[in-house]
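K.L.:
Any chance you can model this:
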Amino acid sequence: MYADTYAYILYNMDDYKNGYQYAKEAAAINEFKNAEYNERYCQLLVKVTTLHWLKKK
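P.N.:
Model (predicted):
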């Protein structure tokens with residue numbers, strides 16, 4: 001799926017916020033049944049929430 005590949009590219013470019021949106025879409029389309037898509041989604045979710053949390057401090 002292209003959305004997951006694009007999410008991976010954005011992850012490697014440190015664009016976590018945009019990558020998260022694509023990873024979420026890819027995982028949801030596959031009903032969260034694909035382990036690789038779920039892993040990428042979780043990686044980006046951690047990055048996005050960590051950055052958000054750090055900005056609040």
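K.L.:
for the helix ranked longest in the chain, packing partners?
P.N.:
For the chain, the helix reaching the highest residue count under DSSP state H is reported as helix 35-56. Counting by 3 or more Cβ pairs under 8 Å, 6 or more residues apart in numbering; DSSP states H and E, the packing neighbours recorded for helix 35-56 are helix 2-12, helix 16-29. For every residue, glycine as well, the C-beta is placed using N, CA and C.
K.L.:
could those go into TSV alongside mean neighbour count and mean pLDDT?
P.N.:
TSV is the format used below for the helices and strands packed on helix 35-56 (neighbours: other Cβ atoms under 10 Å; pLDDT from 0 to 100):
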stretch	mean neighbour count	mean pLDDT
helix 2-12	17	95
helix 16-29	19	95
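K.L.:
Save those as a markdown table, and put in distance to Thr49 too.
P.N.:
Converted to a markdown table, the helices and strands packed on helix 35-56 look like this (distance: least, Cβ to Cβ, whole Å):
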| stretch | distance to Thr49 |
| --- | --- |
| helix 2-12 | 14 |
| helix 16-29 | 9 |
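K.L.:
Out of the ones you listed, the one nearest Lys47 is which?
P.N.:
Ranking the helices and strands packed on helix 35-56 by their distance to Lys47 (criterion: Cβ to Cβ) puts helix 16-29 first, at 4.0 Å.
K.L.:
how much does that closest one deviate in direction from helix 2-12?
P.N.:
Using axes from the mean of the first three to the mean of the last three Cα atoms, to 10 degrees, the interaxial angle of helix 16-29 with respect to helix 2-12 works out to 150 degrees.
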